[in-house]
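> Predicted model and sequence below, questions to follow.
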Amino acid sequence: QVQLVESGGGSVQAGGSLTLSCSTSGRAWNMHTMAWFRRPPGKDREFVAALTPNGGTTAYADSVKGRFTISRDAAKEALYLQMNNLKPDDTAVYYCASRPFSLAPKTGSQYDYWGQGTQVTVTV
């Protein structure tokens with residue numbers, strides 16, 4: 001079992017930055033692929049970024065490439081999402097997710113564990 005808890009959300013003006021954190025606990029977390037998803041208001045959940053075990057491979061949604069960076073700190077058992085040059089379209093509830101496999105799919109149904117989410121609001 002893996003427990004995930006997100007933090008770091010908030011309200012920021014367009015062009016600003018935020019860093020989301022996901023604290024983790026549970027067995028073999030370091031063998032999990034980790035990912036961030038988001039659910040914009042009134043829309044379906046969408047993939048943001050993923051990172052394979054040991055940080056070997058990353059994947060990003062086209063909408064965030066060059067602006068967001070996913071990373072993990074094995075010693076702190078934490079996952080991060082550094083978000084720069086934020087846009088109003090980035091407004092969403094952001095979720096941390098994990099799966100005990102080494103591939104990084106972009107489909108939420110393939111992830112086994114989820115956090116409760118943290119709200120990010122980007123204002124003009």
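Sure, I can see it.

> where's the most centrally placed residue in the chain relative to Val124, distance?
Geometric centre of the chain, nearest residue: Trp36, 2.2 Å, by C-alpha atoms, centre = their mean. To Val124, Trp36 is 23 Å away according to C-beta to C-beta, to the nearest Å. Just so you know, the C-beta spots here come from the backbone N, C-alpha and C atoms, and that holds for glycine as well.

> Also Ser7?
To Val124, Ser7 is 25 Å away according to C-beta to C-beta.

> out of these two, which sits in the busier spot?
Neighbours were tallied for Ser7 and for Val124 using other C-beta atoms under 10 Å; the higher tally belongs to Ser7 (14 against 7).

> Just the element for the nearest residue to the more buried one once chain neighbours are set aside, please.
Using C-beta to C-beta, 6 or more residues apart in numbering and skipping the chain neighbours, the partner closest in space to Ser7 is Ser21 (5.1 Å). According to DSSP states H and E, Ser21 maps onto strand 18-26.

> other SSEs contacting that strand?
When contacts are defined as 3 or more C-beta pairs under 8 Å, 6 or more residues apart in numbering; DSSP states H and E, strand 18-26 packs onto strand 2-7, strand 33-39, strand 78-83, strand 92-99, strand 118-123.

> if you set the cut-off to 10 Å instead, what comes out?
In this structure, strand 18-26 makes packing contacts with strand 2-7, strand 10-13, strand 33-39, strand 68-73, strand 78-83, strand 92-99, strand 118-123, judged by 3 or more C-beta pairs under 10 Å, 6 or more residues apart in numbering; DSSP states H and E.

> Count residues in the vicinity of Ala61, would you?
When neighbours are counted by other C-beta under 10 Å, Ala61 registers 16.
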